[in-house]
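Participant: got a predicted model here, sequence first, then my questions.
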Amino acid sequence: MDFLRPAGWEEALAAKAEHPTAVPIAGGTDLMVEINFDHRRPEYLMDLNRIVELGEWEVGEDTVRLGPSVPYSRIMEHLRAELPGLALASHTVASPQIRNRGGVGGNLGTASPAGDAHPALLAAGAEVEVESVRGSRRIPIDDFYTGVKRNALAEDELIKWIHIRKADGPQQFSKVGTRNAMVIAVCAFGLALHPATRTVRTGIGSAAPTPVRAREAEEFLTAALDEGGCWENGRAVPPAVARQFAELAAGACNPIDDVRGSAKYRRHAVTVMARRTLGWTWDEFRGVRRDDNGSARCA
Amino acid sequence: MHTTDTTTARDTTTARDTTVTRAPGPAPAGLTQNSAVRGGIGESTLRPDGTLKVTGEFAYASDLWHEDMLWGFTLRSPHAHARITSVDVSEALRTPGVYAVMTHDDLPAATRYGLEFTDTPVLADGVVRYHGEPVALVAADHPETARRAAARIHVDYDPLPLVVDEATALADDAPVLHPDRDDHHAPYVPHPNMVHRQPIKRGDVAAAEALADVVVSGEYEVGMQDQAFLGPESGLAVPAEDGGVDLYIATQWLHADLRQIAPVLGLPEDKVRMTLSGVGGAFGGREDLSMQAHACLLALRTGKPVKIVYNRFESFFGHVHRHPAKLWYEHGATRDGRLVHLKARIVLDGGAYASSSAAVVGNAASLSVGPYAVDNVDVEAVALYTNNPPCGAMRGFGAVQACFAYEAQMDKVAAELGMDPVEFRQLNAMTQGTAMPTGQVVDSPAPVAELLRRVKAMPMPPARQWESAGEGADIRALPGGLSNTTHGEGVVRGVGYAVGIKNVGFSEGFDDYSTARVRLESVGGEPVATVHTAMAEVGQGGVTVHAQIARTELGVTQVTIHPADTRVGSAGSTSASRQTYVTGGAVKNSCEAVRERVLEMGRRKFGSHHPAWATAELRLEGGKVVTDGGEALAGLADVLEDEAIDIELEWRHRPTQALDRQTGQGFGHVQYSFAAHRAVVEVDTELGLVKVIELACAQDVGKALNPLSVIGQIQGGTTQGLGLAVMEEIVVAEDGRVRNPSFTDYLIPTILDTPSIPVDVLELADDNAPYGLRGVGEAPTLSSTPAVVAAVRDATGLALSRVPVRPEHITGT
């Protein structure tokens, strides 16, 4: 195995063009596990840690430009206001040690359906800026995941930035695991309200071959909220609407039975998470907080 | 004048020069408490290796190193049952850097080994019987080279029909996994795929059943738990000039390893010298051999030191697990709440090789009733040979599976009678004087009702704690924690109780002795004791306790714990909650012999100076010989001068008896230990996620030699029981393959899953035991699991007859 250590971005692109099988490594929190288990033996490893800008971020007018190597712990600490869904998701990534090393670029590069960042990115709305010696392009997050552990990157491309829409409304992220910390998702759900466009977006993890949005659920809820004038009057979402939204979210799943959970449970759990996260985000939008019984009241 | 008693001719190296004797790299250092530690028995002295372990400085067996050592690697079977039709090692041998490749055909002497049955091939002998069975070994100059070369060994397999459960194991036409059995149970089992069968019959069940007002039955299942110790199997074998080998190894019982390894190497036992290396936990999983014989074989074959260290993946295949079990129970009770009979059948899956399955059967059968007085009992426990992973010792050893079932039954019977589940248990609780179903009358305290009373009396943790915190509410207090699955929705509290009974020490007539060598000498004018045993320190705390015993018995402050090795006699296994009792007893016994010798020396030297030498009861205290009135007669240093007392003695607890093969009657166990738990859980009933809020425990320990260690054992055992209740299971697919051999998918509790564990320790002396102590380590593992599940049942109203409880079970998905 050869170890490439480009000193800068241009050099990295050149190396990737020359060695298309090279696997980029930054935090190594996923890749090194694969290598240690002998599941993978790449011909080349390309260490991106010398490229400082990959670990930086910039908060713009409408988006956050996030470096792929920015560790989850920094997202939790510094981007909670701009990227609340991703910050919540970051909290659920493995252990503190792993959160200090791993970043969103690794999640995207691996494109595992269980990656914790995906539902939050799908719900917030994001574009992945990739580059090669041939030039750069932006891939909408909706088009990024192409199959089980496959993404839309060409073999000579590297992830340069992730452009994530700044939150214009409440966002939530929920993840089911069979342990109370440090657990791979059995399934996960992300929800973002976008009052600016009067839309909602969702993201589902570990319940289909790829991370997916629950588009029918989104469209149904967007229409229901419009119809009820809810964005203006701030009324509570009728329970029947929440139930329907949750059922449609489960309908977007195409889960499998595996050692972590049954397909039936995953569908069920997505239903519960969709209903609960809708309640939390909508209450936040309306400016109410939860009282002791978990029900909504005026602030 | 001759005063030095060397009962053996063995070399008398002390720990002061261990930096020389433990030549190859870092063997465990720091096992001697620093000179500031003073405590005798009953004091919470700190572990000498504690700081090293929490700061990552402690040298474990995986840190062993020797110049120009080779790395061994094991090629394992991908099939659960197959015939090996051909093995071609030529490509592997041609790999640069490879020094040796070994298969079954290359073995020099005995080809099988085993703890109790000699049924386990050193390397697969034409057939593999489980997924992960060792087939070939490689030694190379780099671990990666060894692994690459192993991948170049071409093995052709012809899959055979699988034996996976009772139906396939005991069918008339079942494939017989071990056709040439010659073990001592073979003549008595009804089918060759049954390892052992132990009935327990007492009283008249049929008559009792007729008198029962209620009869309650249930079927229960326990999944395959793993010990999940943190330090993977590892050791270093160094060939010696005399044709022998020195093995540095993390194990639970040096001498049992030695007895199994030497015949495989074709060497006499004195040519195989073993030294304990740093052990990262055991819990039963190091009782069987893993890489010991393999590393020695490669070292002798290559003439070079060979290290083998398993990675986490391989570790899941490298040791036995807890027997998965199916249990059927039926209890009868009178309307006023008296248990009148028990019928039970316990089926344990032993997997491909026997390991300690037979002894696990004995425990499951003899402890099947639990800590209750039931006069009419008809029980059968069996273990099977299957093509599943081999199962053997794990903390609780057969008693864990039984406890899950009988405690579930206690709640069920109490509910049927409309009684409070704790009061019902207390009404039927055994006491000192109760006859076990084996007929053995329990002759020391059995405070079962009192333990239940104590856990019930503990204050309840406040309800819905995440709410009382107001705006700063911490969702880590909720099921799901930071995964943010609930802010209180669907969360229901439940409370459950359980109590268990565990035997201490090896049972059924086993000669369960230990050996301690104690040396006392004066160094620089100060008396210093050295304690040398072969006890494997696996985390249980023998290293503090032995020093405490020596301080108490010999009145010294300076005690050196010699590294454990085979230059001293066997200490027996660090298992069955036995080491403080048995090796602690041996240390006490040898100290007493040393003390007698000191007093003899003192009488000879100073007897004429003071009449008390002849007339008073004398003790050793504060470095002096003192009368029972506290008067100092002489300093130990003055008594010893330049002579050393050095005594090695074996020590035995009172003998036990084999259980009758038909009735299970017999004085089977040395001692019993008891613990009770109250579990408080909060369950997200919609998502099926569980947060254990508190696991209160009360346990009788007879005498807490080191109270801090006792609390640690109880909290650790409690947590391991929690793991079995809600998450820990090795999942075996229908094809016999292990599906989750990693910590990614074999989940053990994190600190966020571990509740507050208030512990109430009772000290009711067992007069048969040294200092009245009672083994501690296992009992809390038993009752923790059923208490948690009872609490989840209380929260959900579900029957939940299987552990671990999964979200699917709670949500019906």
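Facilitator: That came in fine, so what should we check first? Treat the numbers as computed from the prediction; the structure is a model and nothing was measured.

Participant: alongside chain B, which residues does the stretch 1-150 of chain A contribute?
Facilitator: Proximity of the stretch 1-150 of chain A to chain B, by CB under 8 Å from any CB of the partner chain, involves residues A:V33, A:N36, A:F37, A:D38, A:L88, A:H91, A:T92. Heads up, the C-betas are built off the backbone N, CA and C, glycines and all.

Participant: out of those, list just those in helices.
Facilitator: A:V33, A:N36, A:L88, A:H91 (DSSP state H).

Participant: separate out the buried members of the residues of the stretch 1-150 of chain A next to chain B.
Facilitator: A:L88, A:H91, A:T92 (16 or more other CB atoms under 10 Å in any protein chain shown).

Participant: next secondary structure after the helix or strand where B:A405 lies?
Facilitator: Assessed by DSSP states H and E, B:A405 sits inside helix B:399-417. Per DSSP H and E, helix B:399-417 leads on to helix B:421-428 as the next helix or strand towards the C-terminus.

Participant: enumerate the positions of that following helix that are buried.
Facilitator: Quick answer for helix B:421-428 (16+ other CB under 10 Å): B:P421, B:V422, B:F424, B:R425, B:Q426, B:L427, B:N428.

Participant: just put those residues in a markdown table and tack on pLDDT and distance to B:G318.
Facilitator: Output for the buried residues of helix B:421-428, formatted as a markdown table (pLDDT from 0 to 100; distance: CB to CB, whole Å):
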| residue | pLDDT | distance to B:G318 |
| --- | --- | --- |
| B:P421 | 98 | 41 |
| B:V422 | 98 | 42 |
| B:F424 | 98 | 44 |
| B:R425 | 98 | 40 |
| B:Q426 | 98 | 44 |
| B:L427 | 98 | 46 |
| B:N428 | 98 | 42 |
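
Participant: as CSV, the residues you listed with distance to chain A would be great.
Facilitator: Formatted as CSV, the buried residues of helix B:421-428 follow (distance: CB to the nearest CB, whole Å):
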residue, distance to chain A
B:P421, 27
B:V422, 28
B:F424, 32
B:R425, 30
B:Q426, 33
B:L427, 36
B:N428, 35
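
Participant: on that earlier part again, pLDDT-wise, what's the bottom of the ones in helices among the residues of the stretch 1-150 of chain A next to chain B?
Facilitator: Among these, A:N36 carries the weakest pLDDT, at 85.

Participant: for that one, give me its contacts.
Facilitator: B:N311 (CB atoms under 8 Å, 6 or more residues apart in numbering or on different chains).

Participant: next one: stretch B:137-157 to chain centre, how far?
Facilitator: 33 Å (CA atoms, centre = their mean, to the nearest Å).

Participant: equivalent analysis for stretch B:522-532, please.
Facilitator: On CA atoms, centre = their mean, the centre of stretch B:522-532 falls 33 Å from the chain's centre.

Participant: next: stretch B:372-386.
Facilitator: 22 Å.

Participant: same thing with stretch B:344-364?
Facilitator: That offset, for stretch B:344-364, works out to 15 Å (CA atoms, centre = their mean).

Participant: pLDDT of it, averaged?
Facilitator: Averaged over stretch B:344-364, pLDDT sits at 98.

Participant: before we move on, the earlier item: what's the most distant pair in the ones in helices among the residues of the stretch 1-150 of chain A next to chain B?
Facilitator: Using CB to CB, these reach their maximum pairwise distance at A:N36 and A:L88, which is 29.2 Å.

Participant: quick check: which element contains B:A354?
Facilitator: B:A354 belongs to no helix or strand, assigned by DSSP H and E.

Participant: can you count the residues close to the residue nearest to B:E686 when sequence neighbours are not counted?
Facilitator: Excluding the flanking residues, the one nearest B:E686 by CB to CB, 6 or more residues apart in numbering or on different chains is B:G490, at 3.7 Å. Counted with other CB atoms under 10 Å in any protein chain shown, residues neighbouring B:G490 total 17.

Participant: B:D204 too?
Facilitator: 13.

Participant: which secondary element of chain A has the worst mean pLDDT?
Facilitator: In chain A, no helix or strand scores lower on mean pLDDT, DSSP states H and E than strand A:296-297, which sits at a mean of 35.

Participant: centre of the chain to stretch A:255-272, how far?
Facilitator: For stretch A:255-272, the distance to the chain centre is 19 Å (CA atoms, centre = their mean).

Participant: buried set for it?
Facilitator: A:255, A:260-263, A:265-272.

Participant: what helices or strands is the helix holding B:A405 leaning on?
Facilitator: Counting contacts by 3 or more CB pairs under 8 Å, 6 or more residues apart in numbering or on different chains; DSSP states H and E, helix B:399-417 is packed against strand B:214-222, strand B:325-333, strand B:339-349, helix B:357-366, helix B:421-428, strand B:491-504, helix B:779-796.

Participant: how about the helix ranked longest in chain A and chain B, any contact?
Facilitator: Longest helix in chain A by number of residues (criterion: DSSP H): helix A:263-286. Yes. Residues of helix A:263-286 are located near chain B by CB under 8 Å from any CB, namely A:K264, A:Y265, A:R267, A:H268, A:A269, A:V272, A:M273, A:R276, A:G279, A:W280.

Participant: could you check the pLDDT of the last one?
Facilitator: Reading off the confidence values, A:W280 has pLDDT 96.

Participant: show the pLDDT at residue 157.
Facilitator: Just going to use chain A. For A:E157, the predicted pLDDT is 98.

Participant: that's the wrong chain, I wanted chain B
Facilitator: For B:Y157, pLDDT reads 98.

Participant: so how many other residues sit close to it?
Facilitator: 18.

Participant: contacts for the helix or strand hosting it?
Facilitator: With secondary structure defined by DSSP H and E, B:Y157 is part of strand B:154-159. Applying CB under 8 Å, 6+ apart, the contact partners of strand B:154-159 are B:75, B:77-79, B:81-88, B:91, B:128, B:135-136.

Participant: which among those residues count as buried?
Facilitator: The buried subset of the contacts of strand B:154-159 - by 16+ other CB under 10 Å - is B:L75, B:S77, B:H79, B:H81, B:A82, B:I84, B:V87, B:V128, B:V135, B:A136.

Participant: next, the fourth one: phi, psi?
Facilitator: Looking back up the chat, that one is B:H81. phi -160, psi 120 (degrees, to the nearest 10).

Participant: wait, it touches B:R737, no?
Facilitator: No. Using CB atoms under 8 Å, B:H81 makes no contact with B:R737, being 10.9 Å away.

Participant: what about the helices in chain A?
Facilitator: Using DSSP H, the helices of chain A run over residues A:9-18, A:31-36, A:72-78, A:84-91, A:96-99, A:104-110, A:117-124, A:215-227, A:230-233, A:239-251, A:263-286.

Participant: and the spatially most central residue of chain A, how far is that from chain B?
Facilitator: The residue lying closest to the centre of chain A (CA atoms, centre = their mean) is A:H118, at 2.3 Å. Using CB to the nearest CB, to the nearest Å, A:H118 is found at 15 Å from chain B.

Participant: check A:A192 too.
Facilitator: Counting by CB to the nearest CB, the gap from A:A192 to chain B is 14 Å.

Participant: checking the closest residue to B:P780 other than its chain neighbours next. Helix, strand or coil?
Facilitator: Leaving out its chain neighbours, the residue that sits closest to B:P780 by CB to CB, 6+ apart is B:G717, at 3.5 Å. In three-state terms, and counting by DSSP: H, G, I helix; E, B strand; the rest coil, B:G717 is helix.
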